[in-house]
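A.B. asks: structure for the following, please:
(chains A and B)
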Amino acid sequence: MNCKAGLYGSLLMNTLVAFLGFPLLLVSAAISAFALGQKKSVSDKAMSVALCLLALLSAFAAFVKSDQVITFATSAPFLLGVFPLTFMLDGLSRLFLAILCLILLSIGFFSAGYLSHLKERISGGLYWISFFLFSLSMFGVVLSADAITFLVMWEIMSLSSAALVATDHTHHSVQKSALIYLGATRIASGLLCGGFLWMHSLCGSWSFSDWSFAQPQTVFPALLIFLGFCIKAGVWPFHIWLPYAHPAAPATVSAAMSGFMIKIPIYGLIRILIQGGLDSAALINLAFILGAISSFWGVLFALVQNDLKRLLAYSSIENVGLIFLSLAISLKARVANLPLVADMAMTAALFHCLNHGVIKSLLFLCVGSVDAQTHSRDLHKLGGLAKRMPWTMACFFIGSFSICSIPPLNGFASKWLIYESLFKGTLLLDAYLDRGLFLVAICLLSAVGALAIAVFVKAMGVGFLGMSRSRAAEHAQEASTAMRISQAFLAMLSVSLGVFAAIAMNQITKLVAVSNKPVILEAVNFPVPTSLLASMLVVLGLAVYLAVLQNSKVRTFKTWDCGFGPLSSKTQVSSDSFAQPLARIFRPFLRYETNSNISGSDKRHFPQEISVEVKIVSILESRVYLPSLAVISFLARGLAKLQAGSIHLYLLYVCSTLVFLLLIGAVL
Amino acid sequence: MISSIALCVLCAAVLACLMVGSLHLRLNLFLFGIETLFIAGATALTANAHGDASLFLIAAFIAALKALAVPIFLLRTSEKLNVHRDVGAMITPPLAMHLSIVLLALSFFLTRSIPSPEMIDGGWYGAAAGISLLFTGLVIMLTRRLAIGQILGFLVIENGIYVFALTQTLGMPMLVEMGVLLDMLVGVMICGLLVFKIQKSFEHIDVAQLRDLKE
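C.D. replies: Now for the predicted structure:
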């Protein structure tokens, strides 16, 4: 047995080396191509194939023996100073690796076709180097078993993703977005470093498995780590960077970032805090409240966006909020000793990570095809794409339905579980305060669900249906076959994860149980009636078709134009007008204002020009972040005066520091 | 009774303080030479007291290179550049000299608690002299505007570090000492060349005007 394990260990090491070495080779090839200045010589197709291979190989390496916890520490030359890099592959990391591999695979299929549309604007070498670094570091973060390895991989991930956000860096807005994103990741890394150092001084070890958050003195390091993860996940009020970074990045990057990167903080929370036995009520309540607020805030702001990618970014904030909420439910139930509710909520969180990863990357890839064809993501310039891009439309619709949790798609399954754990918790919990919180959360979630439907009806209806609002949208072509395959793959995944949700969840709970510290105590089959609903829908649809639609004749008409002459695309519902009724209700949150201006000599009867302007102000940005940034830059300018450029002044600093330090030494 | 080694290094420290008081390059270099000779003497006395033959060699090298070759090289450089007197910066030389004397007194206080090894007598004086030379070197760099003054200040700092090491550890191994001396010599040569280059490019060697290196 031992011998076998050793043999397997060496085999795994070889695979690891192979699968780390292979892309490194590619990266070095890309670097050399870039260094030679032959930017065009980096073949997007070859790199896409390499990305797919990376995803497949690593999925194979991770799942070849899925019932064991495998640990691996680097030996002598590959040390970080004196520390070995330690990695661990258990059920939890396998689950996240699976999500990552699925997303990378579809991105690999999508990239070549998509990038050919961006040829003039981006440098292929730089893009592919950063993308491979980004992918590999995400593997690294998920696999790391100690704080140092985690931080190193986390930093590589943050920096390479910032480079990816800045891919199209000639635009001023992209530069700004990249800087905002970089700032956010710096603060997150700083908080994480603080928390990790603090935990190291308390526990005397860098290994995550030695950290225990059950003592009261670990609340503050836990808070630091929690806040660091919140920033990276884009939870309210730290979500500011998300709606900037996603529109600026290429669609493939947004898909990877929104699909997987913002799940890494959630992985970190589970790996570090939850497996560490976090039981501080204050922190759990904080997670609960922040999760609830960001789900509501995200969907509310998504409603009033006109840029499709910004809309999707806000929707990501909503979904991350939901995941945080279910993690908090799970922790609350665990502290209250309700293992069933705890496991249910945890399964919901993990399953939603998978589902949201699939759906969000699908949606971003679809928007990427639209963007590649029409060179616009602005809903005011889209419309009428249903006839020109039917495949993309179908995939986008499946993704939208799924994210609105329409049964039997996968978004429904995980949200069902969240609801169910909330209801069960409300009935079973002892504390009245917690019961009240759960009830409020149920109400909030239903509001969020309704708003999400509004958001995606807007995205689907204004973006794809009706008449084209611009010449580019009118002449759009269907995306290339490979791009369609990648979208269809994710859409199929979304459907099958929904229809066979029970099986999927069963597998997830089984997988996650493979760990030294399992996050799910007992793998129970949670009943989610998606298969039943799906078969009912199919039967119902067939019945309706057979009974009603089969015999009806199709007649073609022109839409009645009330006698005004041919309808123009301006007469359609626009993105702003669709959002207006709901936005007016939530005016205080959105700072929503419409200014309409009608001009003409007799403007009551014969208006000559009508212009309507919609204004939304993000209070958080204008009232909190900008002033604090101004204070910081003011202080920084004061500090910069120290750097006068004068050698004499610098010598004075050195001299006075020396005297000061020696004085301290002499006095103490 | 104060030991002769301590007397030597304290003389060096006092001479360094005198250097601060004058802006004449020739006098400064002369004082620097005498100061370094005192340090070489202290090295020789240490070698004598502990019977360490290699320290004699180092003392000879210091006397030959640091006390003679370097000042002569810098003197020639300044004559070629046709500069004989520094302009002075920040504070006037008499005030700076008094400041460095105050710092000499302060360094006795600062080094009070540095534990010195048993076999060394007068370790406290040596440490104080070393730290004082360090401060004096910084004061020289602070109060000189010409690049040659900066080199001189730097050399005094280097002397201070050497004195500190000598009186606290009985000197470092021969190889290290030789390496440091060689580095110093090369450093001075390069600085001399750079001064020429600066003169050529900017038509002055006034470091107070070289303040573009900032954001």
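
A.B. asks: mind listing the helices in chain B by residue range?
C.D. replies: B:4-20, B:25-50, B:53-61, B:70-81, B:93-110, B:123-143, B:147-169, B:174-202 (DSSP state H).

A.B. asks: to A:Ile619, which of these lies closest?
C.D. replies: Smallest distance to A:Ile619 across the helices of chain B (Cβ to Cβ): 51.9 Å, for helix B:123-143. C-betas here are computed from N, CA, C, even on glycine.

A.B. asks: for the closest one, packing partners?
C.D. replies: In terms of contacts (3 or more Cβ pairs under 8 Å, 6 or more residues apart in numbering or on different chains; DSSP states H and E), helix B:123-143 is packed against helix A:647-667, helix B:4-20, helix B:93-110, helix B:147-169.

A.B. asks: spatially central residue in the chain, please.
C.D. replies: With no chain named, the answer covers chain A. A:Ser258 (2.6 Å; Cα atoms, centre = their mean).

A.B. asks: try chain B instead
C.D. replies: The centroid of chain B falls nearest to B:Val156 when counting by Cα atoms, centre = their mean (1.6 Å).

A.B. asks: in space, what's closest to it - neighbours in sequence excluded?
C.D. replies: Nearest residue to B:Val156, sequence neighbours excluded (Cβ to Cβ, 6 or more residues apart in numbering or on different chains): B:Gly137, at 3.5 Å.

A.B. asks: contacting residues for the one you found?
C.D. replies: Shown in contact with B:Gly137 (Cβ atoms under 8 Å, 6 or more residues apart in numbering or on different chains): B:16, B:153-160.

A.B. asks: could you dump those residues to JSON lines with distance to A:Leu105 and pLDDT?
C.D. replies: Shown next, in JSON lines, are the contacts of B:Gly137 (distance: Cβ to Cβ, whole Å; pLDDT from 0 to 100):
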{"residue": "B:Ala16", "distance to A:Leu105": "72", "pLDDT": "93"}
{"residue": "B:Gly153", "distance to A:Leu105": "65", "pLDDT": "90"}
{"residue": "B:Phe154", "distance to A:Leu105": "61", "pLDDT": "88"}
{"residue": "B:Leu155", "distance to A:Leu105": "66", "pLDDT": "91"}
{"residue": "B:Val156", "distance to A:Leu105": "67", "pLDDT": "93"}
{"residue": "B:Ile157", "distance to A:Leu105": "62", "pLDDT": "91"}
{"residue": "B:Glu158", "distance to A:Leu105": "63", "pLDDT": "90"}
{"residue": "B:Asn159", "distance to A:Leu105": "68", "pLDDT": "91"}
{"residue": "B:Gly160", "distance to A:Leu105": "65", "pLDDT": "91"}
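
A.B. asks: which one of these is nearest A:Gly291?
C.D. replies: Nearest to A:Gly291 out of those is B:Ile157 (Cβ to Cβ; 59.1 Å).

A.B. asks: okay, now that closest one: neighbour count?
C.D. replies: B:Ile157 has 19 neighbours, counted by other Cβ atoms under 10 Å in any protein chain shown.

A.B. asks: and the residue nearest to it when sequence neighbours are not counted, how close does it get to A:Asp430?
C.D. replies: Spatial nearest neighbour of B:Ile157, chain neighbours left out: B:Gly137 (3.4 Å); criterion: Cβ to Cβ, 6+ apart. Taking Cβ to Cβ, to the nearest Å as the measure, B:Gly137 falls 74 Å from A:Asp430.

A.B. asks: same question for A:Thr252.
C.D. replies: Relative to A:Asp430, A:Thr252 is positioned 49 Å away (Cβ to Cβ).

A.B. asks: between the two, tell me which one has more neighbours.
C.D. replies: Higher neighbour count among A:Thr252 and A:Asp430: A:Thr252, with 29 against 9, using other Cβ under 10 Å.

A.B. asks: and that one, that one's in a strand?
C.D. replies: No: read with DSSP: H, G, I helix; E, B strand; the rest coil, A:Thr252 is helix and lies in no strand.

A.B. asks: that one contacts A:Leu365, doesn't it?
C.D. replies: Yes: contact criterion Cβ atoms under 8 Å: A:Thr252 and A:Leu365 qualify, at 7.5 Å.

A.B. asks: residue in the stretch 551-668 of chain A with the shortest distance to chain B?
C.D. replies: Proximity of the stretch 551-668 of chain A to chain B (Cβ to the nearest Cβ) peaks at A:Gly645, 3.5 Å away.

A.B. asks: same deal with the stretch 401-550 of chain A?
C.D. replies: A:Ala472 (43.1 Å).

A.B. asks: so what's that residue closest to, chain neighbours aside?
C.D. replies: For A:Ala472, the closest residue by Cβ to Cβ, 6+ apart turns out to be A:Thr374, at 4.4 Å.

A.B. asks: neighbours around the one you found, how many?
C.D. replies: A:Thr374: 26 surrounding residues under other Cβ under 10 Å.

A.B. asks: show me what contacts it?
C.D. replies: If a contact means Cβ under 8 Å, 6+ apart, then A:Thr374 has A:381-382, A:385, A:470, A:472-473, A:476 as its contacts.

A.B. asks: quick check: it vs chain B, distance?
C.D. replies: Plainly put, A:Thr374 is 43 Å away from chain B if you go by Cβ to the nearest Cβ, to the nearest Å.

A.B. asks: tell me the mean pLDDT for the lengthiest helix in chain A?
C.D. replies: Among the segments of chain A that qualify as a helix by DSSP H, the longest is helix A:339-374. For helix A:339-374, mean pLDDT rounds to 90.

A.B. asks: closest point of the stretch 251-400 of chain A to chain B, which residue?
C.D. replies: The nearest approach of the stretch 251-400 of chain A to chain B comes at A:Val253, 30.8 Å away (Cβ to the nearest Cβ).

A.B. asks: hmm, that residue is touching A:Ala163, no?
C.D. replies: No: in terms of Cβ under 8 Å, A:Val253 does not count as a neighbour of A:Ala163; the distance is 9.8 Å.
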